[in-house]
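In: the amino acid sequence is not available; the structure is as follows:
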DNA sequence: ACCCAATGTTGACACTGTGAACTTTGCCTT
DNA sequence: AAGGCAAAGTTCACAGTGTCAACATTGGGT
């Protein structure tokens, strides 16, 4: 029942998510249409309604997959990093993820999805926050529950997140270097120094 | 030719911008339709095309007005602030603007507009950056062109901008306090202290 | 072998952004 | 004051969208 005939009892759901992310990446404006995605997959638009309640639910699934990939990238970055550089590398991974998948990034943190709604989304987003907090704690050499860790995590997250957005919005574009380089420099300066 | 008869040589352009911002504020999803706005103003959808090239141009005008108001709010905050607290107050004004006009804020820094495109938009956005840089310079007691000011401005902007976005995305919602309070606290802690 | 539930399709509807052609209106020139 | 012209607004049309309701197909469990 896995890879047999055309569709019908194939893995439409997974295919939609995969192709949806791909389509999102190709799309200029960052928005995709249900019908376009269905056409690309080779199925009727209404077929998607067997797997997702509506377009928003499908987009939420794309976002959730995005969070999973982001967290994966961050985890790997931390693992490969020199000890003491984990936080910086996690932040850089965040920036690079945003840089490489701008539309998906915007979808993940966007108004399209009401984050209260989808349960999986909030769960996987919370996991991302915990990972960052862990990195902050390690960088400070204290326990994850120590005083000040939560606040520092919030500030770090805010900085990295803001740099990502400004970078994607072309707000660093009028500078000489690549926008990504600008953001990376700003993050590096902030991690070992005052704001 | 200013306030005479119904429309036709009225100030449709201004009206569209004003009502557009209002409609944006009321809209839940943060997106508005041209036709809906036209209906609200009491005019045909195609009439808007006499004043804006297309929907995006209209949205860009809304965003530009948003930048103007944001900058105005920041300026006032700095003016009223205790000396030495100007940077903090400017940042708080930024946060509060985002909190009060979430849809407009998202529009201003969003993928809908290609920021390279609209000339007025880039101009007014750049002015906003300069205002922040000025506040950073004053806070450090150095000249605006001094070394390190540019970088510090970028980091501050990034932090404030990121906190704004996370706040609006409901990422601070699961905490006890109001999301705005969380963001304000994070900003305050960052302004006088390390990251 | 058969039936049923899961999966996919057809047709339809209201809505959207936008182009082309037409109509109205008030100012400027004579 | 008359007239025309350009600016401003309307009508008609079209392709495309998300989504609902009814129908068709299919493969696996009894």
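Out: Good, I have the coordinates. Fair warning: this is a prediction, and the values are worked out from it, not measured in the lab.
In: gap between the closest residue to residue A:150 other than its chain neighbours and DNA strand D?
Out: Nearest non-adjacent residue to residue A:150, counting by CB to CB, 6 or more residues apart in numbering or on different chains: residue A:133, 7.0 Å away. C-beta: built from backbone N, CA, C; applies to glycine. Counting by CB to the nearest atom of the strand, to the nearest Å, the gap from residue A:133 to DNA strand D is 35 Å.
In: got it, and residue A:43?
Out: 12 Å.
In: I'd guessed that residue sits against residue A:11; true?
Out: No - assessed by CB atoms under 8 Å, residue A:43 is found out of contact with residue A:11, at 12.0 Å.
In: between the two, tell me which one has more neighbours.
Out: The neighbour comparison of residue A:43 against residue A:11 (other CB atoms under 10 Å in any protein chain shown) goes to residue A:43, with 19 against 14.
In: and residue A:42, how many neighbours?
Out: 12.
In: for it, phi and psi?
Out: With angles defined as degrees, to the nearest 10, residue A:42 sits at phi 90, psi 40.
In: contacting residues for the closest residue to residue A:153 other than its chain neighbours?
Out: Spatial nearest neighbour of residue A:153, chain neighbours left out: residue A:133 (4.3 Å); criterion: CB to CB, 6+ apart. Applying CB atoms under 8 Å, 6 or more residues apart in numbering or on different chains to residue A:133 gives the contacts A:144, A:149, A:150, A:153.
In: going through those, which ones are buried?
Out: Neighbour counting with 16 or more other CB atoms under 10 Å in any protein chain shown marks A:149, A:150, A:153 as buried within these.
In: top helix in chain A by residue count?
Out: helix A:55-80 (DSSP state H).
In: can it be found next to DNA strand D?
Out: Yes - judged by CB under 7 Å from any atom of the strand, helix A:55-80 comes into contact with DNA strand D through A:55, A:56.
In: what's the first helix or strand after that helix?
Out: helix A:86-100 (DSSP states H and E).
In: so for whichever strand or helix holds the residue nearest to residue A:153, what gets flagged as buried?
Out: Secondary-structure assignment from DSSP H and E places residue A:133 in helix A:119-140. By neighbour count on 16+ other CB under 10 Å, the buried set for helix A:119-140 is A:121-122, A:124-125, A:128-129, A:131-139.
In: centre of the chain to it, how far?
Out: Here the centre of helix A:119-140 is set off from its chain's centre by 13 Å, with CA atoms, centre = their mean, to the nearest Å.
In: now stretch A:89-98
Out: With CA atoms, centre = their mean, you get 10 Å for stretch A:89-98.
In: other residues contacting it?
Out: Residues contacting stretch A:89-98 (CB under 8 Å, 6+ apart): A:69-70, A:73-74, A:76-78, A:80-81, A:105, A:131-132, A:135, A:156, A:159-161, A:163-165, A:167-168, A:180, A:183-184, A:187-188, A:191.
In: of the residues you listed, which ones also sit close to chain B?
Out: Restricting the contacts of stretch A:89-98 to those near chain B by CB under 8 Å from any CB of the partner chain leaves A:156, A:159, A:160, A:161, A:163, A:164, A:165, A:168, A:183, A:191.
In: of these, closest to DNA strand D?
Out: Using CB to the nearest atom of the strand, residue A:168 comes nearest to DNA strand D of those, at 22.2 Å.
In: just the pLDDT at that closest one, thanks.
Out: In this prediction, residue A:168 carries a pLDDT score of 93.
In: find the nearest non-adjacent residue to residue A:93, please.
Out: That would be residue A:77: by CB to CB, 6+ apart, it lies 3.9 Å from residue A:93.
In: for residue A:96, see how far away the one you found is.
Out: Note on residue A:77: its distance to residue A:96, by CB to CB, to the nearest Å, is 9 Å.
In: what's the domain layout of chain A?
Out: A:1-51, A:56-191 (automatic domain parsing).
In: the first one vs chain B: in contact?
Out: So the one you mean is domain A:1-51. Yes - against chain B, domain A:1-51 shows contacts by CB under 8 Å from any CB at A:29, A:30.
In: what's the spacing between that domain and its chain's center?
Out: 20 Å.
In: which secondary structure element of chain A has the lowest mean pLDDT?
Out: When the helices and strands of chain A are scored by mean pLDDT, DSSP states H and E, helix A:119-140 comes last with a mean of 87.
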